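Asker: Only the shape, not the letters, is given here:
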């Protein structure tokens, strides 16, 4: 049985592929930053009604979306912080209060993670 076949890429093709991967990484960073800003803006708008079941459900969905995006695009630290937010917004947990100060800290943490 033959071993794996080694494929050599032309240096120009290799350079082009590296450029494409760099461009995709920048786009992924921008995409993640947009997701964080959408969540931050919604939290800001919802500050007075963050305790309502409807708003908590919406915030929970946004945090869940951020978790999925971070997992898909390879941002494990962002995923962990978003998981904490998702739990905090969980509408199925009765009696848990939304701590806006804690949420603001998590959003600052998310922004810092994406600035690295």
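Answerer: On my side now, so go ahead. What you see is a predicted model; the values in this text were computed from it and never measured. Numbers count the residues shown, from 1 in each chain.
Asker: hey, let's count contacts and neighbours off CA atoms from now on
Answerer: Noted.
Asker: how about the nearest residue to residue 68, chain neighbours excluded?
Answerer: Nearest in space to residue 68, with sequence neighbours left out and distances taken as Cα to Cα, 6 or more residues apart in numbering, is residue 79 at 7.6 Å.
Asker: quick one: that neighbour and residue 67 touch, right?
Answerer: Yes: Residue 79 is within contact range of residue 67, at 4.8 Å (criterion: Cα atoms under 8 Å).
Asker: what's the next secondary structure element after the lengthiest helix in the chain?
Answerer: Counting residues, the longest helix found in the chain (DSSP state H) is helix 11-45. Once the chain leaves helix 11-45, the next helix or strand it forms, by DSSP states H and E, is helix 53-73.
Asker: which helices and strands sit right next to the longest helix of the chain?
Answerer: helix 53-73, helix 100-115 (3 or more Cα pairs under 8 Å, 6 or more residues apart in numbering; DSSP states H and E).
Asker: List the contacts of the closest residue to residue 109 other than its chain neighbours.
Answerer: Distance criterion Cα to Cα, 6+ apart; nearest residue to residue 109, sequence neighbours excluded, is residue 81 at 7.7 Å. Residue 81 makes contact with 106, 109-110 under the criterion Cα atoms under 8 Å, 6 or more residues apart in numbering.
Asker: Look at residue 9 and give its secondary structure.
Answerer: Using DSSP: H, G, I helix; E, B strand; the rest coil, the structure places residue 9 in coil.
Asker: Please read the previous query as pertaining to residue 90.
Answerer: Following three-state DSSP, residue 90 is assigned to coil.
Asker: My read is that it contacts residue 57, right?
Answerer: Yes: look at residue 90 against residue 57 with Cα under 8 Å: they come within range, at 6.9 Å.
Asker: Among those two, which residue is more densely surrounded?
Answerer: residue 90 (21 against 18; other Cα atoms under 10 Å).
Asker: Understood, closing this out.
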